[in-house]
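K.L.:
When you get a sec, could you give me coordinates for this:
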Amino acid sequence: LAHHTQKIQQKPRDAIRSRKRQRQNVQRTNMINIQEHVLTKKADNEDPILDKDGDLFSAEHEFRGADWRGKDCNDNDAKIRPCTHEFNKDGNWGVDTNCNGIYGVSKDNHTSLEDLYCSTKASANIVSRNILTFGDSASSAFSIPPQWLKWHNLSDVAHTLDDEFDWPQLCWSTGFIKEIEGDSVYLKLLNTNRCNMRGWQNVGHNGAESLDLTFQVSVLNLSPNDKPNLVFIDYAGNDICKDKLSKMTTPAQFKAAILAGLGKLSEVVAADTKVLLMGVVDGSFLWDTLHNQMHPIGVTYQDLYSFLSCTGANPCGTWLTKNATERAAASKRAAELSQTMQDIATQYTLKFPHMELAYLPFPLPEAVKFMKQYGLPLKLLIEPMDGFHPSHFAHRLFSDVVFKHLQDVLPAWVANVNPFNKDIIRMFGNQGGY
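P.N.:
Here you go, the predicted structure:
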């Protein structure tokens, strides 16, 4: 077990420890020095490595490339990238300059097909949006493949290690591969409007917490001239998950960090950007659900959590502990941070003129309700190998909860179905795919 833990988790664990050491040098008071923290984070490069033109979008999936941000359709021209508006390149509308697979001109040669199918000039109901996700490993669908317990089942090891066991292509917000059968907010938004093709950026990172928001904003290619965004700020638990209760983020620190990040974001996003602030999860669900269940290696999760604590590798010592008092204190602080996030959403919208803010509690309770309704074991909501992260199945449920909330409560954020979707599919097929 010790050998397995070290071998499988060394890289992400080292990254987490490195960031924690860096954060120790940051003054964590109500007046947080955000700029100092951003400087200490420069070593945590979240940019795609295979990026020839330096526009922070890649034509390759490896090395934090097109799994994390929409695929670049021309990696030799920094002006051509996903998430931006179409432009006329050298007098030629036949070039797809924003990588959504729509290009060319109408039969009268006076209107670009992007304007014809994707612009408010064509229909007031058409609003194209890019998805931006800021968060941690939970927002990036962290998972250790259980089949890797048997060495002969190892597959795609280099890619998995490089992404630190994160699978953003499967996550609830920016997932895009066919295996999830449309269960992500991005794919649901794409189904509403085919003009949203490849319009996403996900900079979730293992170990990230609220203090990292400003840094994560700084590593994106954003411009006020881009399409408006649908933003998810989802720091699910690392502000709570510490080795000691005394190290948990306070509501004042949390508020300062989120407001600083929102301020930075408002400087670089397009007008009409929508920001959904997500609540912190109540992680007591993990212990309550798994502690007496068997882990795939043949011990109970309670024993696994104790072992990880002894080796300094417990991903959440405040919740993954048999100490009920500590777990209760962690849940109380999580509720306080969620309330802080909700207060920000209701009290600070006018402070950020380019952005509208709203709040949504972490969608775990709705997922639990679904499981009980259909008689499914709750443990299926939890990643089985580490007993900590949401499972990929849970991510699919989360996408349903979040998108339904947007449709029911914030319908203007997702707009109506594009009446030209069928025309786009007829002319451009899969629009270049992924």
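
K.L.:
Tyr305 - how many residues pack around it?
P.N.:
26 (other Cβ atoms under 10 Å). Using the backbone N, CA and C atoms, a C-beta is placed for each residue, glycine as well.

K.L.:
got it, and Ser137?
P.N.:
Neighbour number of Ser137 under other Cβ under 10 Å is 28.

K.L.:
can you check the one 10 residues further on too?
P.N.:
Other residues within reach of Gln147 by the criterion other Cβ under 10 Å amount to 12.

K.L.:
same thing with Trp68?
P.N.:
Around Trp68 there are 26 residues (other Cβ under 10 Å).

K.L.:
Quick check: Ile180 vs Lys422, distance?
P.N.:
23 Å (Cβ to Cβ, to the nearest Å).

K.L.:
do the same with Phe388
P.N.:
43 Å.

K.L.:
which of the two has more neighbours?
P.N.:
Taking other Cβ under 10 Å, Phe388 and Lys422 do not tie; Phe388 has more neighbours (23 against 10).

K.L.:
I'd say the more buried one and Ile382 touch.
P.N.:
Yes - at 7.3 Å, Phe388 counts as touching Ile382 under the criterion of Cβ atoms under 8 Å.

K.L.:
what residues do the two have in common as contacts?
P.N.:
Common contacts of Phe388 and Ile382 (Cβ atoms under 8 Å, 6 or more residues apart in numbering): Leu286.

K.L.:
The stretch 51-200 of the chain: strands as residue ranges?
P.N.:
Taking DSSP state E, counting those that start in this stretch as the test, the strands found in the stretch 51-200 of the chain are 130-135, 200-202.

K.L.:
Mean neighbour count, those: which tops it?
P.N.:
strand 200-202 (a mean of 28; mean count of other Cβ atoms under 10 Å).

K.L.:
what pLDDT, on average, does that one get?
P.N.:
Mean pLDDT, computed over strand 200-202, is 94.

K.L.:
Likewise for stretch 261-281?
P.N.:
On average, stretch 261-281 scores 95.

K.L.:
end to end, how far does that stretch reach?
P.N.:
Distance between the two ends of stretch 261-281: 20 Å, counting by Cα to Cα, to the nearest Å.

K.L.:
Ile424: which element?
P.N.:
helix 421-428 (DSSP states H and E).

K.L.:
Can you pull out the residues in contact with that helix?
P.N.:
Under Cβ under 8 Å, 6+ apart, the answer for helix 421-428 is 101-102, 113, 117, 193-195, 418, 431.

K.L.:
just the residues you listed now: which is nearest Gln147?
P.N.:
Gln431 (33.3 Å; Cβ to Cβ).

K.L.:
I'd assumed Cys99 was in contact with the closest one.
P.N.:
No - taking contacts as Cβ under 8 Å, Gln431 lies outside contact range of Cys99: 9.1 Å.

K.L.:
list the residues that contact both of those two?
P.N.:
Counting by Cβ under 8 Å, 6+ apart, the residues touching both Gln431 and Cys99 are 197-198.

K.L.:
Return a selection command, for use in ChimeraX, containing the buried ones of the contacts of helix 421-428.
P.N.:
Buried residues among the contacts of helix 421-428 (16 or more other Cβ atoms under 10 Å), as a ChimeraX selection:
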select :101,102,113,117,193,194,195,418,431
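
K.L.:
Inside helices: which ones of the contacts of helix 421-428?
P.N.:
Among the contacts of helix 421-428, the members found in helices (DSSP state H) are 113, 117.

K.L.:
Switch the contacts of helix 421-428 over to CSV; also include distance to Asp136.
P.N.:
Formatted as CSV, these follow (distance: Cβ to Cβ, whole Å):
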residue, distance to Asp136
Gly101, 31
Ile102, 34
Leu113, 39
Tyr117, 36
Asn193, 29
Arg194, 31
Cys195, 30
Asn418, 33
Gln431, 31
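
K.L.:
which intervals of the chain have sub-threshold pLDDT?
P.N.:
For the chain, applying pLDDT under 70 flags the ranges 1-45, 88-93, 109, 120-125.

K.L.:
one more time with 50
P.N.:
Scanning the chain with the threshold set as pLDDT under 50 gives 1-32, 34-43.

K.L.:
so Thr321 touches Trp287, yeah?
P.N.:
Yes - here Thr321 reaches Trp287: they are 7.4 Å apart, a contact under Cβ under 8 Å.

K.L.:
Mind listing the shared neighbours of these two?
P.N.:
Between them, Thr321 and Trp287 share the contacting residues 305, 327, judged by Cβ under 8 Å, 6+ apart.

K.L.:
Please identify which helix or strand holds Leu337.
P.N.:
helix 324-347.

K.L.:
residues of that helix that come out buried?
P.N.:
Those would be 326-327, 329-331, 333-334, 336-338, 340-342, 344-345, for helix 324-347 by 16+ other Cβ under 10 Å.

K.L.:
going on from it, what's the next piece of helix or strand?
P.N.:
Following helix 324-347 toward the C-terminus (DSSP H and E): strand 355-360.

K.L.:
what angle separates that following strand from helix 324-347?
P.N.:
150 degrees (axes from the mean of the first three to the mean of the last three Cα atoms, to 10 degrees).

K.L.:
Including distance to His159, could the strands of the stretch 51-200 of the chain go into JSON lines?
P.N.:
Formatted as JSON lines, the strands of the stretch 51-200 of the chain follow (distance: least, Cβ to Cβ, whole Å):
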{"stretch": "strand 130-135", "distance to His159": "20"}
{"stretch": "strand 200-202", "distance to His159": "16"}
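
K.L.:
hang on, the earlier thing: ok, of the contacts of helix 421-428, which one's closest to Gln253?
P.N.:
Asn193 (38.4 Å).

K.L.:
Surely the closest one and Pro419 touch.
P.N.:
No - assessed by Cβ under 8 Å, Asn193 is found out of contact with Pro419, at 9.9 Å.

K.L.:
Overlap in contacts, the two.
P.N.:
Shared contacts of Asn193 and Pro419, counting by Cβ under 8 Å, 6+ apart, come down to Ile126.

K.L.:
circling back to that earlier point, mind checking how far the helix holding Leu337 is from the chain centre?
P.N.:
20 Å (Cα atoms, centre = their mean, to the nearest Å).
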